[in-house]
Structure formats: structure tokens, C-alpha cells
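Asks: A structural model of the following input is requested.
(chains A and B)
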Amino acid sequence: MSIPTDLKYTDSHEWVKSESDGTVTIGVTHHAQELLGDMVFVELPQVGRELAQKEECAVAESVKAAADIYAPISGEVTEINSELESEPEKINQDAYSAWLFKLKPTNASELDGLLDAAGYQTRLENEDH
Amino acid sequence: MLIFEHSRPGRRNYSQAPTTAASNNKIPENLRRKSPPLLPEVSEMDTVRHYTRLSQKNFSIDTEFYPLGSCTMKYNPRACNSLAMLPQYLGRHPLAPEDTGQGYMACMYELQEILKDVTGMAGVSLTPMAGAQGELIGVMMIRAYHESRGDFSRTEIIVPDAAHGTNPATAVMCGFKVVEIATDKTGNVDMAALKAAVGPQTAGLMLTNPSTLGVFEENVSEMSRVVHEAGGLLYYDGANLNAVLGKVKPGDMGFDVIHINLHKTFSTPHGGGGPGSAPVGVAERLLPYMPIPIVTHEDGKYRWVSEKEKPQSIGRLSAHMGNAGVLLRAYIYVRLLGMDGMHRVAEFATLNANYLMAELRKAGFEIAYPTRRASHEFIVTMKEIKDKTGVTAMNLAKRLLDKGYHAPTTYFPMLVPECLLIEPAESESKETLDAFVIAMKEILTEIEEQPDMVKDAPHTMPLRKLDDVKAARELDLSWKKPSS
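Replies: Okay, here's the model as predicted:
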């Protein structure tokens, strides 16, 4: 599956989309859901929580493992996709449309430090295995 | 089929019927139930058959090769069990005066001393009752040590990404922030990342060595130096002690505190989830914080160390001496083996793993860390096979059941995609290992010739492939009486 070019990425396999209202939408990549396998449970952060960059803020649990999800940039949680709480399999079906939560960035320049699609592709190719 | 499904109104199992009339007239009327409990009504013969059939469906180390090794259940000598069941031990009351329990206390004292010797630590407390409890106590002692020195700025515990999930969980339970560091391409902890992570905020490092990747941390001395120079302490997770038992001592590697899983390495079957026992060992500077009870030996008598003698102890974890029976089994195990025998455990566990790794590589399996010697376990990755054929590690694991083998650990550690973590342990013969290799080879051929058959495995088990996603999403563990 190709990596969407309009998104930014982290080393820990989150994707970030800049919205026109200044917020960002965050999800996990297709590669991440492939590694984890069938999702059985997603725990999302509380709306209003202030997150630091790289802070653990959500958990995706699959039949194989539970994985922490990290805040790609710092900011306040403005909205969560509570649909995932009852239908976590949406992440497996389409990781790039099944968003997890939205942030109001504290420091938008942190976005510049994230990977673009090509950078994320290289990151995947350099994985140990 | 559940025992409840055998139930028919009025059937009775008279061998279990009460022989005397019971009275409940001390229970107030309003607290008594109005209808009988929903117990199965089954005849004696049907009950015997039900449980005998269940036991025959068991996949056990008593009947088959179990390549989960010490991680879950290595072979535990019968002698340990039968000697621990002597009536003199079974009949001992935990509150019996010291005078009448000298024999048991001697065993516990000697076990403390032997474990000190095997691990190279200055003190051992036997009381934690599970690996997770041993970890919790270990990290609590690290915290107590820093705080007693007025050093409150140490808020972080460093944990490699290959660690068992209990390590970061323990650090969080003790109020620390977890700093995860990466593994390099050869399976060692990334030293540059470790050096960048340590500082005046570092309370300690938690390390499993050999690691969950089945390799020995080659830079452990350097890691120890780096963490100590930053003022942090080193925690040794004893999960993989079986590989180095008495040959390499955590104390010599520079560790300040360790936990030892007696239920993994020292002869207690624990595959069903218990009972556990995880003594903690400490270096000199952590001696004051050890949990009690501890047994001491003075003037030819054994006695319990009191709270007064250990004012800085982090306290008690259980009312009495932890899991007393498991400690006894461990004591018998180490006395039967002696130090030479423990060395042989480590040597044969390592030899068996390396032999199996070499044979499986010859058979065409990809080894995750091919340049490294295995410790007591090693990892096969099915990544390429999955990319080519769609057959996953889980499919192969299920197919192994059809061949009469328990599946090895699958999908752990998460660092290696499509992995099988294989640990034969020391007791298996070459013939058993060779037969396992033949079964693995057969599956490899099946994957090429009839991949769909492998994907649908198991074919010969009482239950076919289970929908584990549905089971996890719609967890249903209680039996409900069908409406008639």
C-alpha cells in the first residue's frame, strides 16, 4: 500500500494530517496495523488533555500485542474518534481514514521535524527485518 | 463440552455427597438464598469420564516436547515434588514457634545462601510470590535507596525495547517515567542511545540478560559502568537465568538488584499461571531495604529477622514466608544438582538451543540474529516465508500441534516480525530435538506445496482453528443456563 504524500509521519508509525483550522489529526500507519494484526481494543486520550511531544497517550491492542501510541507533537486533545472504541477493526480496514484523535498544537513548528512520505518510506526500508 | 452441559435434573454423584447433615441456621434468614445454586447434576461415572477426557486433551510436557522452555514450563524433576510433599513439611504451620520449625528454616536459610552464591549477590530475600512482585520490590528498593540519600531528582528508569512488558509496567507502578532505548542490528542494546539517555535523572536501568532476543548483551560491563557513573542502579530481570545459571553471575556483571524466577528455572510447574516465587537478590548497598521475612542463623539456631533489626526494610509482601512450597521445591532442586549440576543446566540449555538453531537453519529457516550464538533460546523469523506464501508464524505454530508438538512462543518479542521464539531447555534429548527438526522440515515442504492446508491448521486437534479476534472482542467466559 502506498504511503499518502499529504501526511507527516513519525518513527513510531503515527501519521499526522494538518487541518485547515490549525488542528492536526493523528492516526497509525498502514504498516503499524499490519505489524500489530487484528485490532481488538483502542484506548484514546481524554479530550482536553495536554500532551507533550512523544508522550504516551493511547494504546492499540491487537491479538498479538498492546502497543503504545505517542503524541507526534505537543498539544491539547480537542477530539477523539470514539467510533474506534466499538469498532477497532476500522484501523485494519483503512489505517489512513481511521483517525484516533485531534490536537491543537502548542508549537506548530514541531511539525517540521516529522518525516514526509519519502522519509517514512526510507525508515521502513531501514528496519532491521 | 462443559460439565454443565452434561447436567440432567436429579442425577447425583454420591461419592461427593456430604456424609453429615449441615445446618445453616446461624446465617440470618434474609441472607440465605431462596433457590439452590446452579451446580451441575451429573452422575459419578459421567463426572469421571468428563475430567479424564479433559486431561487426555491436555498438551503437556509429560507427553510432548514443549519448546517454550523455562519461559513457561521446563521439565521439573519428580523428586522435587515428592520430597516437598513430605508430611513433616506439609503439616508445618506458618505460625509455629521457631523451635519447632528448625528443619524448614534451615532449608530456607540454605536456599538464601545458595542463591547468593549462584547469583553473586550480597543478600537474598525469598518472600516475593511472583516475578512481577519480585520486580516491584526490586524497583521499590532502588527508589528507597535514592530517597534515603536525599536524592529525589531521579525520576526515570531506562528499559530496552526488547524487555518483557512487566519491566516498564513495574517502573510505572513505582512512580517512575520509563525511557525506552533501542536495540542495535546485532541484538545488543544500542550503546549510543543508552549513553544519551543516562543522567542525573536516571534512577536505574532494567535489563534482561540474556535478552528476550536470545542473545547475551555483549556490552554489559560497559552498560554497568555508564549507568553507575550517572548515579543510577542496575536491575537484573532473572527471566532468562536458565541460560547462565551459576556460570555468569549477575553480581559480577555489576547488577545491584535482581529477581530470580524460581518457578521458571528452579523446578516449579507454572504453565497454568502459578504459583510463582521470585526471590530478590541485592548488592551490599541495598541490604538495609530487603523485604522480610529473612532467616538468619546464630548460635546453632535459625530465627526470623525482625522488623526492629531492619528498620529501613521496605516491609512485608505476604503474611508469612511467600510461597513456602515453591521455595522448598527450589531448595531440593539446587541440593540435588549442586553447583556442578547447575552449571550443566546452563551448558545443556545453551547447547540444545544452539544445536536446534543450527539444524533449523540447515533445514531452510531464517534465524533472526544469524551472526550471534544463541543463549538458551533463539528466534526464527517467518517474514520472508509470509511475504512469499502468506503463511504466518501463527499458521506454522498451529500446524506443529498436528505434528504432536506444542507451539513455541509466537509474536514475542515484537521487535522481530513473524517470529517464533524457541527454547528447548536442558532436559530434551538429541533424538527429541531431531524429531522436532523433521516435523519443522515437513511443514516447510507443506508450506510450498499446500499453503492453504497449513493456513487452516490445526486439523487433528479437538477444536479446529479458533477465531481469536472474535474471542478477544466479544469475551464471554460465563456459562448461562439455556432457557428451557
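
Asks: any idea how chain B splits into domains?
Replies: What automatic domain parsing lists as the domains of chain B is B:1-19+B:37-57, B:79-337, B:347-471.

Asks: who in chain A is up against chain B?
Replies: A:35, A:37-38, A:40-41, A:63-67, A:88-89, A:128-129 (Cβ under 8 Å from any Cβ of the partner chain). The C-beta positions use only the backbone N, C-alpha and C, and glycine is treated the same way.

Asks: Specify the beta-bridge partners of residue B:208.
Replies: Here residue B:208 sits in beta bridges with residue B:237, going by DSSP bridges.

Asks: Around it, how many other residues sit close by?
Replies: 21 (other Cβ atoms under 10 Å in any protein chain shown).

Asks: Ok, the one 5 residues further on next?
Replies: One way to gauge burial is a neighbour count; for residue B:213, by other Cβ under 10 Å, it gives 27.

Asks: With residue B:151 instead?
Replies: 12.

Asks: need the contact list for it.
Replies: Contact partners of residue B:151, counting by Cβ atoms under 8 Å, 6 or more residues apart in numbering or on different chains, are residue B:231.

Asks: Need the pLDDT of it.
Replies: On pLDDT, residue B:151 comes in at 97.

Asks: Helix, strand or coil: sort out it for me.
Replies: With DSSP: H, G, I helix; E, B strand; the rest coil as the basis, residue B:151 sits in coil.

Asks: follow-up on the earlier one: next step: the residues of chain A next to chain B restricted to strands.
Replies: Per DSSP state E, strands hold the following members of the residues of chain A next to chain B: A:40-41, A:66-67.

Asks: Kindly reformat the residues you listed as a markdown table containing pLDDT.
Replies: Below are these laid out as a markdown table (pLDDT from 0 to 100):
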| residue | pLDDT |
| --- | --- |
| A:40 | 93 |
| A:41 | 93 |
| A:66 | 86 |
| A:67 | 89 |
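
Asks: and which of these is nearest chain B?
Replies: Lowest distance from chain B to these (Cβ to the nearest Cβ) belongs to residue A:40, with 4.0 Å.

Asks: For residue B:86, see how far away the closest one is.
Replies: For residue A:40, the distance to residue B:86 equals 47 Å [Cβ to Cβ, to the nearest Å].

Asks: about what we covered before: buried among the residues of chain A next to chain B? Need that as a selection in PyMOL.
Replies: Only the buried entries of these go into this PyMOL selection, using 16 or more other Cβ atoms under 10 Å in any protein chain shown:
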select buried, chain A and resi 35+37+38+40+63+64+67+88
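
Asks: Pull the most distant pair out of the residues of chain A next to chain B.
Replies: A:89 and A:128 (28.4 Å; Cβ to Cβ).

Asks: quick one on the thing from earlier: can you put the ones in strands among the residues of chain A next to chain B in TSV and add distance to residue B:133?
Replies: Listed next are these as TSV, based on distance: Cβ to Cβ, whole Å:
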residue	distance to residue B:133
A:40	28
A:41	26
A:66	21
A:67	26
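
Asks: Could you give me the buried positions within the helix or strand residue B:118 falls within?
Replies: Assessed by DSSP states H and E, residue B:118 sits inside helix B:102-119. By 16+ other Cβ under 10 Å, the buried positions in helix B:102-119 come out as B:104-105, B:107-112, B:114-119.

Asks: Quick one: name whatever helix or strand follows it.
Replies: strand B:123-125.

Asks: Mind listing residues that contact that next one?
Replies: Residues outside strand B:123-125 that contact it (Cβ under 8 Å, 6+ apart) are B:112-113, B:115-116, B:137, B:279-282, B:286-287, B:290-294.

Asks: Just the ones of those residues in helices?
Replies: B:112-113, B:115-116, B:137 (DSSP state H).

Asks: Looking at those, which one is closest to residue B:126?
Replies: residue B:112 (6.2 Å).

Asks: which regions of chain B lie under the pLDDT threshold?
Replies: Along chain B, segments meeting pLDDT under 70 span B:271-274, B:484.

Asks: For it, which residues are neighbours of chain A?
Replies: B:165, B:185, B:368, B:381, B:383, B:411-412, B:414-417, B:468-469, B:472-473.

Asks: just to revisit the earlier point, between the ones in strands among the residues of chain A next to chain B, which sits nearest residue B:259?
Replies: For those, the residue nearest residue B:259 by Cβ to Cβ is residue A:66; the value is 22.8 Å.

Asks: Same list as before, the residues of chain A next to chain B that is, but in JSON lines and with distance to residue B:443 included.
Replies: What follows is the residues of chain A next to chain B, written out as JSON lines (distance: Cβ to Cβ, whole Å):
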{"residue": "A:35", "distance to residue B:443": "23"}
{"residue": "A:37", "distance to residue B:443": "21"}
{"residue": "A:38", "distance to residue B:443": "23"}
{"residue": "A:40", "distance to residue B:443": "28"}
{"residue": "A:41", "distance to residue B:443": "32"}
{"residue": "A:63", "distance to residue B:443": "22"}
{"residue": "A:64", "distance to residue B:443": "20"}
{"residue": "A:65", "distance to residue B:443": "24"}
{"residue": "A:66", "distance to residue B:443": "29"}
{"residue": "A:67", "distance to residue B:443": "29"}
{"residue": "A:88", "distance to residue B:443": "32"}
{"residue": "A:89", "distance to residue B:443": "30"}
{"residue": "A:128", "distance to residue B:443": "25"}
{"residue": "A:129", "distance to residue B:443": "21"}
